[in-house]
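1. Next input, structure requested:
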Amino acid sequence: MPDSIPALLDAATADSPNSILWEFFDDGISATYAQVRDESLRYGALLASFGVERGDRVAVMLPNVPAMPLVWLGLGRIGGVMVPVNTRYSARELTFLIEDSGARLLLIHQECADVLKNCELNIDVYIVGSNDWSKRVRETMPGDCPAPEIHGQDLVNIQYTSGTTGLPKGCLLTHRYWLTTGMVNAWRDGRRFRRILATTPFSYMDPQWLLLMAVYQRATLVVGRKQSASKFARWLSEHRIEFCLFPEAASKQPPTSHDAENPVIRANIYGVRASVHAEIENRYGLTAREAFGMTEIGSGLFMPMEASGMTGSGSCGIASPFRETRIVDDEGNNVPDGEIGELLIRGPDIFLGYHANPTASAEALRDGWFHTGDLFWRDSRGYHFIVGRKKDMIRRSGENIACREVEGVLRDMAEIEEVALIPVCDELRGEEVKAYLVVQDGQLANEALIGQIVDYASQRLAAFKVPRYFEFIDIMPRTPSFKVAKAELVNARKDHRTGTFDRVENTWR
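-> Here you go, the predicted model:
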């Protein structure tokens, strides 16, 4: 395995200097391996000119443009650490990530710069895409890039992920973490993928490992600005994609004549309803296989391509290369095959822990095992089946939403006494967010108040975290320890859309 991410890129460039490494098709920009290597050196030199040194953290709030991976690669060369920021984050969320990570500067795209109007930041800020930024890049020479010795266990990301604490936690990720994740995805199928699609934001972990997967394969990463269910099938055909992460929402689009006109070899699917798995394969003429991963561990489980008999089973597969699994009860004892328990995973090059959060790190990492917080069972052949989440999370369109964070924001409103969030099943999004509300004495529980709540939340939360459904109740159910008894709320009715105000449809259901 290479010593570092830059070492992997350098070796690939020596092999295939004139091959195309990436295509950003919305912007009409492509670059060869040699060009990307040179630009990564240029970005390393530029960041060093800003005063970034080994171990310094840089917050990066960029959409899917070449500057995003180039900043990552440049930081990797000089020993810096990237703190990716979701471009949809509010001023409150951005400020939290910067303060919690200790970032010494922020790189933010001009398309996102309006968020700065509501921020009070005591760090340097550079607007990517501005004339000043373009001038700085042009005038920086690749040869000026520092060349410290980079090791596999050096930190390269503080990758924030939502957790049960309510606020995002920063996963400490090393060069070896990314090199291992990229290698596993590149070679576990024993296939060559020459064109790999990435349309989820680079602030997530997926496009980062997809890029390294492409570099291992000496392939081309095909990048879109935004995910689109309606355009996805056309992208597979037009861009001759051989590997992709297939969103279930794409299968809900009207059929077209070009649905199966693609060269896809493998499509990863995550949490797709078992009943539509075979339909996706037949309609799009591809092999779709489940997988399971987390920011903390990279690749955890995968379904082999040869396991055609598992199509529609709902299984996430077997342990990935370099990974072991256990399924345990609440006391940490292994449960027999077929019984439900928490999934534990261990192996080399998982995350080092959570930044500045030793309590959460100690809780998640025990005796070398990472506790996923997800409930699974395993059959006698080693296939794993997910049952649900042990932790208090809602997963909407692939986004993890920590209930406690949203509840904390809404509870800050003077009009609200108590709030509890639960997931509502949704065919398109997987899950939608519902808020149960107890209002303060004297407040009217009506549409006007819901409008105030939505406005308040929208200023403090990313749009995907703002609840869709609202229901007013008089008393919040409690456990004997006075915690909110969410199980009672969940079990109160079969269809949690009834009795609610749906702000998307703007109607009471």
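2. Please make it C-alpha for all contacts and neighbour counts, starting now.
-> Noted.
3. before we move on, what SS does G55 have?
-> coil (DSSP: H, G, I helix; E, B strand; the rest coil).
4. Would you agree Q159 is in contact with L172?
-> Yes: between Q159 and L172 a contact is recorded at 6.7 Å, counting by CA atoms under 8 Å.
5. Give me the below-cutoff pLDDT ranges for the stretch 101-250 of the chain.
-> The model of the stretch 101-250 of the chain has pLDDT under 70 over residues 162-166.
6. where exactly do the helices run in it?
-> Using DSSP state H, counting those that start in this stretch, the helices of the stretch 101-250 of the chain run over 131-139, 175-187, 206-217, 232-238.
7. picking that back up, Q159 and L172: which has the busier surroundings?
-> With neighbours defined as other CA atoms under 10 Å, Q159 and L172 compare such that Q159 has more, 26 against 23.
8. Is the more buried one bridged to anything, and to what?
-> C171 (DSSP bridges).
9. what sits against it?
-> For Q159, the contacting residues are M82, V83, P84, G170, C171, L172, L173, M205, T295, by CA atoms under 8 Å, 6 or more residues apart in numbering.
10. can I get those residues in CSV with distance to C316?
-> Below are the contacts of Q159 laid out as CSV (distance: CA to CA, whole Å):
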residue, distance to C316
M82, 30
V83, 29
P84, 28
G170, 26
C171, 23
L172, 25
L173, 24
M205, 19
T295, 17
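11. For I345, state which of these is nearest.
-> The closest of these to I345 turns out to be T295 (CA to CA; 12.6 Å).
12. who's in contact with that closest one?
-> Q159, T161, C171, M205, F351.
13. Among these, find me the one that's closest to F50.
-> Closest to F50, out of all of these and judged by CA to CA, is Q159, at 22.0 Å.
14. how near is that closest one to T498?
-> Going from Q159 to T498 by CA to CA, to the nearest Å gives 38 Å.
15. next one: E417
-> From E417 to T498 the distance is 23 Å (CA to CA).
16. what does stretch 320-330 rub up against?
-> Under CA under 8 Å, 6+ apart, the answer for stretch 320-330 is 184, 188, 299-302, 319, 334-335, 340-348, 376-378.
17. Quick one: buried ones out of those residues?
-> Restricting those to buried positions leaves 184, 299-302, 319, 335, 340-347, 376-378, with burial counted as 16 or more other CA atoms under 10 Å.
18. wait, isn't V490 in contact with V424?
-> No: between V490 and V424 there is no contact under CA under 8 Å: 9.1 Å.
19. so what's in contact with those two at the same time?
-> With CA under 8 Å, 6+ apart as the test, V490 and V424 both reach H496.
20. related to what we said a few turns ago, dump the contacts of T295 to CSV, plus distance to E399.
-> What follows is those, written out as CSV (distance: CA to CA, whole Å):
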residue, distance to E399
Q159, 14
T161, 10
C171, 17
M205, 12
F351, 20
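21. where do the strands sit along the stretch 151-300 of the chain?
-> Here the stretch 151-300 of the chain has its strands, by DSSP state E, counting those that start in this stretch, at 155-161, 169-174, 195-198, 220-223, 243-245, 266-269, 288-294, 298-302.
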